[in-house]
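Trainee: Sequence and predicted structure are below.
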Amino acid sequence: MSSCTHHSWAGIEPEAMNPLVTRQYVTGTQTMLARIVLRKGAHVPRHAHRNEQVSHVLEGSLRFVVAEGEVVVRAGEILCIPPDAPHEVFALEDSVALDIFNPPRQDWIDGNDAYLRGGDAVAG
């Protein structure tokens with residue numbers, strides 16, 4: 001039988017992925033919740049993963065480049081990204097997003113996420 005777990009972002013050490021991006025995450029049985037902080041100019045290079053992703057921007061604004069084109073997601077807005085859909089992200093201003101992944105990102109858990117660790121800064 002499973003038991004509930006209680007977490008606080010304050011108790012999870014932010015992981016610096018590169019100079020402009022930090023993340024924290026919690027993994028459940030079937031899902032992962034990540035808190036991503038992106039400074040203005042941060043760039044998450046084009047990538048795809050088998051996980052469905054729901055990205056909720058809490059603060060700031062992010063420009064996503066997806067197959068359909070570009071979409072700016074602002075505070076209070078949500079973007080749903082289907083499995084295996086290539087995408088990249090540009091921080092237009094200092095931003096905070098909550099990303100939900102199903103199933104959990106095993107590449108993150110295993111530390112096989114070099115695309116994010118090498119993210120570069122670009123002109124916003």
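Mentor: Looks like it came in fine. All of these numbers come straight from a predicted model, not from anything done at the bench.
Trainee: I'd assumed Y25 was in contact with W108.
Mentor: Yes: look at W108 against Y25 with CB atoms under 8 Å: they come within range, at 6.7 Å. In short, each C-beta sits where N, CA and C put it, glycine included.
Trainee: what's the overlap in contacts for those two?
Mentor: 32, 34 (CB atoms under 8 Å, 6 or more residues apart in numbering).
Trainee: So, low pLDDT: which residues of the protein?
Mentor: 1, 118-124 (pLDDT under 70).
Trainee: run the last query once more with 90
Mentor: Counting by pLDDT under 90, the chain contains low-confidence ranges at 1-2, 111-124.
Trainee: Strands of that one, start to end?
Mentor: 15-18, 21-27, 32-38, 43-47, 52-59, 61-66, 69-74, 78-81, 87-91, 95-102 (DSSP state E).
Trainee: any idea what sits nearest T29, other than its immediate chain neighbours?
Mentor: S2 (6.8 Å; CB to CB, 6 or more residues apart in numbering).
Trainee: same deal with D107?
Mentor: Nearest non-adjacent residue to D107, counting by CB to CB, 6+ apart: D113, 5.0 Å away.
Trainee: Pull up the gap between that neighbour and T5, please.
Mentor: Distance of D113 to T5, given as CB to CB, to the nearest Å: 23 Å.
Trainee: Please say which of those two ends up with more neighbours.
Mentor: D113 (17 against 8; other CB atoms under 10 Å).
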